[in-house]
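In: Need a 3D model of the sequence below.
(one chain, ligands or ions: 1)
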Amino acid sequence: MQQNQDKSAAPGIDKKMRQLEEFSTDHKGRELTTNQGVKLTNTDDSLKAGVRGPTLMEDFHFREKITHFDHERIPERVVHARGFGAYGFFQVYEPMAEYTKAKFLQDPAGKTPVFVRFSTVAGSRGSADTVRDVRGFAVKFYTEDGNYDLVGNNIPVFFIQDAIKFPDVIHAVKPEPHNEIPQASTAHDTFWDFVVNTPETAHMVMWVMSDRAIPRSFRMMEGFGVNTYRFVNAQGKARFIKFHWKPVLGVHSLVRDEAQKLSGKDPDFHRRDLWDAIEQGNYPEYEFGVQMLDEEQEFNFDFDILDPTKFWPEELVPVKIIGKMTLNRNVENFFAETEQVAFCPGNVVPGIDFSNDPLLQGRLFSYQDTQLIRLGGPNFHEIPVNRPVVAVHNNQRDGYHRLTVDKGTVSYSPNALQQNCPAPVAEEDGYVHYAERVDGRKIRGRSDSFRDFYSQATLFWNSMSGPEKEHIIDAFHFEVGNVKDKTLKQRVVDMFNQVAPELAGKIALGIGANPPVEPGGTGVTAASAAVSQENTIRTPLTRKVAVLAENGFCYQGLNQVVSLLLNAGVSADIVSSRMGMLTGTDGKQMEAVKDFTTANAVLYDAVYVPGGAQSIQSLLKTPDAREFINEAYKHAKPIAAADEGVDFLQAAAGRAQLAPPDSAGQLGTGQGVVTIRAASDWRSFGEEFVKAIAMHRHWTRA
Ligand code: HDE
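Out: Got it, this is the predicted structure:
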């Protein structure tokens, strides 16, 4: 599946857009009024008794303006407070009638409008984007059957098995209550205290310590429904399902050091990336997939399919790809749309139903409840972004901020005065809950089938490539290294010894704890290739290259390579000591759009250093330029250099042996470093560089 580059997905006017337009206001060219529509002559001076006198109570404009300002904030989400949203559409590839009667999954020609909000979990609204955390991946489908919300994450399992423990895990991960430190981080005592006392967290902690928790972009991460749901077809046959989103650009991540630096250099890194991609017509795309199990297969596995700390390995239950979502429109107003959007896993449409997954069951209550405090009452479904695109009729009335003017005298059922309207519909036309047989004693307890906490954690570890394992060990070093309580540190080592002794030994080494003494591991030797990011899609599309140049750069070497990059869907910024026009060796000019103050290696996917003796002399005298190349090298990013640029690379990075051009003085490649001298073949050089960019990172570099 290729990413859409021809911009053919440019937004058409869909039903949702038309509806939003009705509620939108453009203030351009308009006159200033109060909220009562009274035109105003001055909004810069309050009404006073004499120009140096006190402000008067009768200044209704002053009071209204200040009062509104005083009340501008609403409570942030208790979790997933920091997020970023966009609109788009969903299209199914083939009719899914055999499995579900959901209308939006039937017609490949139909487009269902969607709104998506990506988020981090632990940080507050103003926290940085690139922190180590789970990412929320919440999709609202505005379907002809009403709204369907698929509220997922970018990690397929969860910390806990029962929703009643959600306040506990969140209290533990949030900043500690006495001093509100640390922000948006799991690197502190209360989180790890909860972990070591709650073994069911082991599997999810492995994912959170992995590269999955520091995505390169919202456009390059998977989404998972996590909980087990049901598809139900028109004949009433049900299947258990898990939902998947697979990014067309592949799954790619940052490295820890880079992610932490990005938090300072650009705390908005992910939201800016999404916004810019959509503005540039590089519409993010995700294929939609389902894993399905017949009801009879419920007990066929060595894990319980209702346990949300387990995933269904794709090798056991293949993902059937059934459609694609394209995000093609940014919001008009962050607060009105992204902040006020209200997701609820309980918003389902006919053909989609729940399972008894005890985490899901609790979620069905929590989301609706939290919106009541966050959005201030029971009418949040009337906020434009939340409105379904189909008509809403019922006898619910009144409440804070009611917008609808409900006509007539009848607001009850049954009634004769209005022919019993709004009237219930026949079973085949409305939502009917799946008639699952349920039988059991009331019990506050946990099923024995939920008690294997470590096997899939080992499976995950086994599935990681060498570099991915190194990154997990590094993450544990940072996270647990910041824990103050030494007993806790030791308990982390002992707990993860149960997952993989090799991992536990290496954690111990890094954090000053004792290596585990007990025999460890689960004996699981299986692995799931689908889980490793090593096996993902590789493409250069939408990657960003920094070109380091000063006056006296080689124009041909810069111009040729930049056009090759652009043709391959890669963008390039010229970074120099000063912004503005640079003059090349032959007098031709190009513009440096960034300088070393506004640009940094962590903001780019790759670096190119063109030749030009004077340019390279200047770069060598610029510590920021040397640091730029060293950072890119350290973060395993693709680097290319031509002619004197190769000297800069070798001198700045202190690595003379790096991919020297071959004996004929032409092309050198290796470990993601591409070099050339006396180029006669810029094309091959450009192609090699593009290939290196598509690889994302080059872990073979020590
Ligand atoms: Fe959430 N979660 N959650 N969660 N969740 C919220 O609802 C909750 C869980 C997820 O962009 C809250 O509107 C409980 C799993 C996303 O607006 C709240 C439990 C998954 C978002 C809530 C979970 C999620 C939320 C806070 C344990 C992945 C952001 C604000 C049973 C499948 C949605 C809000 C957005 C938000 C409760 C666990 C995903 C408090 C009780 C598992 C993506 O209602």
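In: Show me the shaky parts of the protein.
Out: 1-8, 654-666, 702 (pLDDT under 70).
In: so is residue 684 in a helix, a strand, or just coil?
Out: Assigned with DSSP: H, G, I helix; E, B strand; the rest coil, residue 684 falls in the helix class.
In: residues near the closest residue to residue 96 other than its chain neighbours, how many?
Out: Nearest residue to residue 96, sequence neighbours excluded (C-beta to C-beta, 6 or more residues apart in numbering): residue 105, at 4.1 Å. C-beta: built from backbone N, CA, C; applies to glycine. Number of residues near residue 105 (other C-beta atoms under 10 Å) recorded here: 29.
In: hang on, residue 105 packs against residue 323?
Out: Yes. Counting by C-beta atoms under 8 Å, residue 323 is a contact partner of residue 105 at 7.3 Å.
In: re the thing from before, return the residues in contact with the residue nearest to residue 96.
Out: 92, 95, 96, 322, 323, 351 (C-beta atoms under 8 Å, 6 or more residues apart in numbering).
In: Drop anything exposed from those residues.
Out: 92, 96, 322, 323, 351 (16 or more other C-beta atoms under 10 Å).
In: can you name the two of the residues you listed that are farthest apart?
Out: 323 and 351 (14.1 Å; C-beta to C-beta).
In: now the residue nearest to residue 15 when sequence neighbours are not counted, what's its secondary structure?
Out: With sequence-adjacent residues excluded and distances taken as C-beta to C-beta, 6+ apart, residue 15 is closest to residue 389, at 4.2 Å. Secondary structure, three-state DSSP: residue 389 is coil.
In: picking that back up, among the contacts of residue 105, which are in reach of the ligand?
Out: Counting by C-beta under 6 Å from any ligand atom, nothing from those sits close to the ligand.
In: What is the most widely separated pair among those residues?
Out: 323 and 351 (14.1 Å).
In: near the ligand, which residues of this protein show up?
Out: 77-80, 83, 117, 119, 136, 138, 151-153, 158, 163, 166, 226-227, 341, 343, 359, 362-363, 366-367, 370-371.
In: Now intersect the residues you listed with the strands, please.
Out: Per DSSP state E, strands hold the following members of the residues of the chain next to the ligand: 83, 117, 119, 136, 138, 151, 152, 153.
In: in those, which two residues are the furthest apart from each other?
Out: 83 and 152 (13.2 Å).
In: Tell me who's in contact with the closest residue to the ligand within the stretch 101-250 of the chain.
Out: Closest residue of the stretch 101-250 of the chain to the ligand, C-beta to the nearest ligand atom: residue 136 (2.7 Å). Residue 136 is in contact with 80, 83, 117, 118, 119, 120, 121, 151, 152, 153, 154, counting by C-beta under 8 Å, 6+ apart.
In: Leaving out chain neighbours, which residue sits closest to residue 261?
Out: residue 602 (4.8 Å).
In: and that neighbour, what is it in contact with?
Out: 258, 261, 262, 265, 631, 635.
In: Report the secondary structure element holding the third one.
Out: Under the assignment given by DSSP states H and E, the secondary-structure element containing residue 262 is helix 256-265.
In: which helices and strands sit right next to that helix?
Out: Packing contacts for helix 256-265, counted by 3 or more C-beta pairs under 8 Å, 6 or more residues apart in numbering; DSSP states H and E, involve helix 466-481, helix 623-634.
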